[in-house]
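A.B. asks: Could you work out the structure for the sequence below:
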Amino acid sequence: MHDSLQIFTDGSFDAASASGSWAFVVMEGERQVFSDSGVDKGASNNAFEVLAAAKAMGWIGGAAKDRPVTLWTDSRHVLEGCHHWRAIWRNNGWKRITANPRLRRRAIPDAALWQQLDSLLESNRHVVVKLCKGHAGLAGNEQADALARDAYRAAARLPRS
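C.D. replies: The predicted structure follows:
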């Protein structure tokens with residue numbers, strides 16, 4: 001049995017319907033041990049990438065609380081948000097602060113999702129967030145992508161392609 005879990009996350013978005021899907025796949029070595037996916041309304045693909053990471057982190061908090069985990073995302077937005085921006089946003093009261101006085105305190109897109117993900121990452125400090133290249137044949141990433149697309153198709157009752 002491996003000590004470390006590898007969790008792959010992905011989000012998908014359809015601008016025409018303002019809805020999308022999220023998914024995550026939990027791998028222990030070469031074996032998939034859990035997966036989950038869902039659909040929701042949203043404003044951007046980035047929102048569903050963040051939501052996928054938050055859902056995976058929620059699972060970790062309940063099922064893998066003390067295990068070392070690598071959370072893989074193919075989203076630079078999620079990676080940079082987790083490693084850099086969330087600490088700044090938290091310190092700024094979850095606002096963006098700019099040099100322009102008229103735009104000084106701007107809202108962060110998907111601030112509620114980022115606050116949720118921040119809280120989960122803070123309470124699960126054994127999780128390392130890393131970037132993987134999407135659509136490059138990495139099994140866990142490909143499975144998360146397929147789950148997210150399938151969840152959306154099932155909700156929209158679209159045929160599989």
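A.B. asks: elements contacting the host helix or strand of L51?
C.D. replies: Element membership for L51, per DSSP states H and E: helix 45-63. Based on contacts counted as 3 or more CB pairs under 8 Å, 6 or more residues apart in numbering; DSSP states H and E, the elements that helix 45-63 packs against are strand 5-14, strand 19-28, strand 31-41, strand 69-73, helix 76-80, helix 111-123, strand 127-131, helix 139-156. Using the backbone N, CA and C atoms, a C-beta is placed for each residue, glycine as well.
A.B. asks: now the angle between strand 31-41 and the first one, please.
C.D. replies: Interaxial angle of strand 5-14 relative to strand 31-41 (axes from the mean of the first three to the mean of the last three CA atoms, to 10 degrees): 30 degrees.
A.B. asks: now strand 5-14, how far from the centre of its chain.
C.D. replies: In terms of CA atoms, centre = their mean, to the nearest Å, the centre of strand 5-14 is found 6 Å from the chain centre.
A.B. asks: pull the CA atoms of that strand into CSV?
C.D. replies: The C-alpha coordinates for strand 5-14 follow below in CSV (Å, rounded to 0.1, in the frame of the first residue of the first chain):
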residue,chain,number,x,y,z
LEU,A,5,-2.5,9.8,-2.6
GLN,A,6,-2.5,11.5,-6.0
ILE,A,7,-5.7,13.5,-6.7
PHE,A,8,-6.4,14.9,-10.1
THR,A,9,-9.0,17.7,-10.6
ASP,A,10,-10.6,19.2,-13.6
GLY,A,11,-13.4,21.6,-14.5
SER,A,12,-15.4,22.2,-17.6
PHE,A,13,-17.6,25.1,-18.6
ASP,A,14,-20.2,25.9,-21.3
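A.B. asks: what about the spatially closest residue to K65 that is not a sequence neighbour, distance to W114?
C.D. replies: Spatially, and ignoring its direct neighbours in sequence, K65 is nearest to N124 (7.2 Å; CB to CB, 6 or more residues apart in numbering). Applying CB to CB, to the nearest Å, the value for N124 to W114 is 16 Å.
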